[in-house]
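Enquirer: Show me the folded form of this:
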Amino acid sequence: MTKAIFFDVDDTLYDHLIPFQKAVQPYVDHIDSFPYEEAYHRMRYYSDKISIELGGAGKMEEGSATEAMKRDRFQFALNDFGVEINTILADRIQQTYFECQFEIELFPNARELIIELQQRGFIVGVLTNGAEAHQWRKIKALKIDQLIPVERIFVSGSHGWDKPDIRIFQYINEQTATLPDQCTYVGDSWRNDVIGATSAGWSMIWFNHRNLERESDLTLQGEVTNFNDLKYLVL
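Expert: Have a look, this model is predicted:
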């Protein structure tokens, strides 16, 4: 039976914390031991929350509401940690964050594993939440499109369903002629990746490189913190 493995992008194939930290550091440098990881997760929480309220990734390409969301997520997240910023500063942080998001590289051993999986006959693809143009800039910055056929790269904003909606997983099964029990998903987000993939009948490997606590008792194929461990789990 042919096996298929699909990867999330943000904070799974590369370190999504780096652009966040670069963007907010000038505004929190006065705070000893600022909890960048916790603030980063809060930003992602508000980003997902506001995105859903605005209609999902398919609606997030441009417009005043989208720009406000990108600004507000930083205001809300930093405010949770006692850092109050006005809209002007939030816009500056968002602009820096945007620019830094394309100065990224794959996690160690990710490229090699993607190549080896395909050499061994696996169907390999990508499923990422986000607006189409924005996510494709990251995909090209990481050169994922040089490793994986473009027909196996799925951006939620292109299709109208965001993870954890099982319809995006079902759509991938249809497009790749695979069955749910043939597919494994690798991702970092419990809310979007773990819940989405398992609800769709896929196997799930939680890429928990930030050592977070499990949010429920769902059954996983495995849990890893790096691509070397992932290799030994899937090959």
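Enquirer: for Glu201, helix, strand, or coil?
Expert: Wrong residue type there; residue 201 is Gly, not Glu. Classification of Gly201 using DSSP: H, G, I helix; E, B strand; the rest coil returns coil.
Enquirer: check contacts around it.
Expert: 169, 180-181 (C-beta atoms under 8 Å, 6 or more residues apart in numbering). For every residue, glycine as well, the C-beta is placed using N, CA and C.
Enquirer: Now rank those residues by neighbours and give me the top one.
Expert: Using other C-beta atoms under 10 Å as the neighbour test, these are led by Phe169, with 24 neighbours.
Enquirer: Narrow the contacts of Gly201 to those in strands?
Expert: Among those, none falls in strands (DSSP state E).
Enquirer: Same list (these) but as JSON lines, adding pLDDT.
Expert: Listed next are the contacts of Gly201 as JSON lines, based on pLDDT from 0 to 100:
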{"residue": "Phe169", "pLDDT": "98"}
{"residue": "Pro180", "pLDDT": "98"}
{"residue": "Asp181", "pLDDT": "97"}
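Enquirer: Tabulate the residues you listed in JSON lines, adding columns for distance to Arg73.
Expert: Shown next, in JSON lines, are those (distance: C-beta to C-beta, whole Å):
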{"residue": "Phe169", "distance to Arg73": "26"}
{"residue": "Pro180", "distance to Arg73": "33"}
{"residue": "Asp181", "distance to Arg73": "36"}
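Enquirer: Could you check the pLDDT of Ser64?
Expert: Looking at Ser64, its pLDDT is 58.
Enquirer: show me where pLDDT drops low in the protein?
Expert: Along the chain, segments meeting pLDDT under 70 span 1-2, 56-65.
Enquirer: and if we set it to 90?
Expert: 1-2, 47-70, 130-131, 157, 160 (pLDDT under 90).
Enquirer: Help me confirm that Leu220 is found in a helix?
Expert: No - checked against three-state DSSP, Leu220 lies outside a helix; its state is coil.
Enquirer: Mind listing what's buried along stretch 203-210?
Expert: 203-209 (16 or more other C-beta atoms under 10 Å).
Enquirer: in stretch 84-91, what's buried?
Expert: Quick answer for stretch 84-91 (16+ other C-beta under 10 Å): 85, 89-91.
Enquirer: Please read the previous query as pertaining to stretch 67-76.
Expert: Quick answer for stretch 67-76 (16+ other C-beta under 10 Å): 69-76.
Enquirer: before we move on, what about stretch 134-148?
Expert: So, applying 16+ other C-beta under 10 Å, buried residues of stretch 134-148: 134-136, 138-139, 142, 144, 147-148.
Enquirer: Please state the offset of it from the chain centre?
Expert: 13 Å (C-alpha atoms, centre = their mean, to the nearest Å).
Enquirer: Which helix in this structure has the most residues?
Expert: helix 36-54 (DSSP state H).
Enquirer: OK, contacts around Leu179?
Expert: Per C-beta under 8 Å, 6+ apart, neighbours of Leu179: Asn173.
Enquirer: quick revisit: quick one: which of the buried residues of stretch 67-76 is nearest Thr225?
Expert: For those, the minimum distance to Thr225 (C-beta to C-beta) is 26.2 Å, reached by Arg73.
Enquirer: hang on, that closest one packs against Met43?
Expert: Yes - if you go by C-beta atoms under 8 Å, Arg73 and Met43 touch, sitting 5.3 Å apart.
Enquirer: hmm, back to that, tabulate the buried residues of stretch 84-91 in JSON lines, adding columns for secondary structure.
Expert: Shown next, in JSON lines, are the buried residues of stretch 84-91 (three-state DSSP):
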{"residue": "Ile85", "secondary structure": "coil"}
{"residue": "Leu89", "secondary structure": "helix"}
{"residue": "Ala90", "secondary structure": "helix"}
{"residue": "Asp91", "secondary structure": "helix"}
